[in-house]
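Peer 1: Here is a sequence with its predicted model. Questions after.
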Amino acid sequence: MSLKFKDDKDVRLSVGRVWNIQGMRAVVWCALFLGMVAGAAAEKTAATQTTLTVATNDAGPRTRATLTAHVRAETTGSLAGVVNFRSGETDLGSAVVDAEGNASLQTDVLTTGIHQVVAVYHGQAAYLASTSKAEQLEAHASTVAGYTVTAAPSSLSTVVGGFADTVVTVTPNNGFNAYVSLSCDGLPVNTTCTFTPLNVPAICTSTTACTPGTSAVQIQTLAPSPSIAKGNGASMLVFPLLLGLAGLGARKRRVWRNLALSLLAFAGAMGMTACSQRYNYLHHGPPENPGTPEGTFTVTVASQSSTGAQITTPPTNPQITLTVTAPSS
């Protein structure tokens, strides 16, 4: 089949018609594709609803509040993620959502008075974030000297091999005047926690004039080490063995052959034991390290102050949720 055109103008018109048709088809297909992608994304993202309950206990020197959030999704499935509890601009702490959608935190850092507290669910890939309505909390305090500890931000995230920073604040009250030492509990394996400074001054010049102390905290994860080459010790034995056999072929006397075989067997045994291990360590470093595992972990900032005769600790310790993810390729 052939097409006949009167002149170049007919050719250009025909080509233009074909081009316009193909372009319209491309636009239609692109629109359909984008609609499918948007629909799939909408199906994978579900709305959530977060509720908060508050319980208080005034038995100790300060009011201890138990904050419990419940996250519910419109679709069925296993919820995950982190809930952050806040009172105004104050970060009270974070907690990991369990399989039933609950996250709980105990805190005693609120000053005397009435506070409004909310729970903020940060969501994840399949669930949208949500915030609870504010709940009222009334806190009381005694005249016992002590201190409270907070960490902000209390929800951290980093890739494997990276680090995350937060700030710990030690607030003295009722005339407390001493240094407070800090440490981390609950770190994942192959992870370190560094405080600057390690001992924080918490100074009160009177029962009411108190100055908080702060410490910069860095949580450092570890990347996995490269795979160590295998079989180096075996190659140290194979090559001498081949060379030895080649040399033995040239010998005619049985006595020399037996002596050489004995020496070769002894050298091979040495190569497979201590000598091989020393060679592998000197040339390939320490054994392979798997690095920090991925996942979400709860890290507790522990603290204490000691005068030698008495140790003072806060009623509650702040918790940090640390999420470790795989590096982007």
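Peer 2: Yes, it's here. Residues are numbered from 1 along each chain as shown.
Peer 1: how many neighbours does the residue lying closest to Thr194 once chain neighbours are set aside have?
Peer 2: Closest residue to Thr194 apart from its sequence neighbours, by CB to CB, 6 or more residues apart in numbering: Gln218 at 4.9 Å. (Glycine included, C-beta is placed from N, CA and C.) Gln218 has 13 neighbours, counted by other CB atoms under 10 Å.
Peer 1: can you tell me which residues contact Gln218?
Peer 2: Phe163, Ala164, Asp165, Cys193, Thr194, Thr196 (CB atoms under 8 Å, 6 or more residues apart in numbering).
Peer 1: okay if I get those residues as a markdown table plus secondary structure, pLDDT and distance to Arg72?
Peer 2: Shown next, in a markdown table, are those (DSSP: H, G, I helix; E, B strand; the rest coil; pLDDT from 0 to 100; distance: CB to CB, whole Å):
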| residue | secondary structure | pLDDT | distance to Arg72 |
| --- | --- | --- | --- |
| Phe163 | strand | 96 | 34 |
| Ala164 | strand | 97 | 29 |
| Asp165 | strand | 97 | 33 |
| Cys193 | strand | 97 | 34 |
| Thr194 | strand | 97 | 39 |
| Thr196 | strand | 97 | 41 |
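Peer 1: Give me the buried entries from those residues.
Peer 2: Ala164, Cys193 (16 or more other CB atoms under 10 Å).
Peer 1: Specify which member of the contacts of Gln218 is nearest to Pro314.
Peer 2: Cys193 (17.9 Å; CB to CB).
Peer 1: hmm, back to that, which SSE is the residue nearest to Thr194 in?
Peer 2: Secondary structure assignment for Gln218, by DSSP states H and E: strand 213-221.
Peer 1: Over to Thr53?
Peer 2: strand 48-57.
Peer 1: Can you name every helix or strand that that strand contacts?
Peer 2: For strand 48-57, the contact count by 3 or more CB pairs under 8 Å, 6 or more residues apart in numbering; DSSP states H and E identifies strand 64-73, strand 113-121, strand 130-131, strand 135-139 as packing neighbours.
Peer 1: Same list, these, but as JSON lines with distance to Ser104 and mean neighbour count please.
Peer 2: Putting the helices and strands packed on strand 48-57 into JSON lines (distance: least, CB to CB, whole Å; neighbours: other CB atoms under 10 Å) gives the following:
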{"stretch": "strand 64-73", "distance to Ser104": "5", "mean neighbour count": "20"}
{"stretch": "strand 113-121", "distance to Ser104": "10", "mean neighbour count": "18"}
{"stretch": "strand 130-131", "distance to Ser104": "17", "mean neighbour count": "18"}
{"stretch": "strand 135-139", "distance to Ser104": "14", "mean neighbour count": "16"}
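Peer 1: Nearest to Asp91, out of the ones you listed?
Peer 2: Of those, nearest to Asp91 by CB to CB is strand 113-121, at 10.1 Å.
Peer 1: Show me what the closest one is in contact with.
Peer 2: 48, 50-52, 54, 65, 67, 69, 71, 81-88, 92, 97, 103, 127, 129-139.
Peer 1: quick revisit: which of the contacts of Gln218 sit farthest apart?
Peer 2: Ala164 and Thr196 (14.5 Å).
Peer 1: re the thing from before, what are the pairing partners of the strand holding Gln218, and which direction each?
Peer 2: Applying DSSP bridges, strand 213-221 is found paired with strand 163-173 (antiparallel), strand 191-196 (antiparallel).
Peer 1: show me the contacts for Asp185.
Peer 2: If you count contacts by CB under 8 Å, 6+ apart, then Asp185 has Val299, Thr300, Val301, Ala302 around it.
Peer 1: Quickly list what it is bridged to.
Peer 2: Thr300.
Peer 1: swap in Pro172?
Peer 2: Tyr147.
Peer 1: Can you turn the buried part of the contacts of Asp185 into a ChimeraX selection?
Peer 2: A single ChimeraX command is used to select the members of these judged buried by 16+ other CB under 10 Å:
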select :299,300,301
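Peer 1: now the contacts of Gln218 in TSV, with distance to Gly60?
Peer 2: Formatted as TSV, these follow (distance: CB to CB, whole Å):
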residue	distance to Gly60
Phe163	35
Ala164	31
Asp165	31
Cys193	27
Thr194	31
Thr196	31
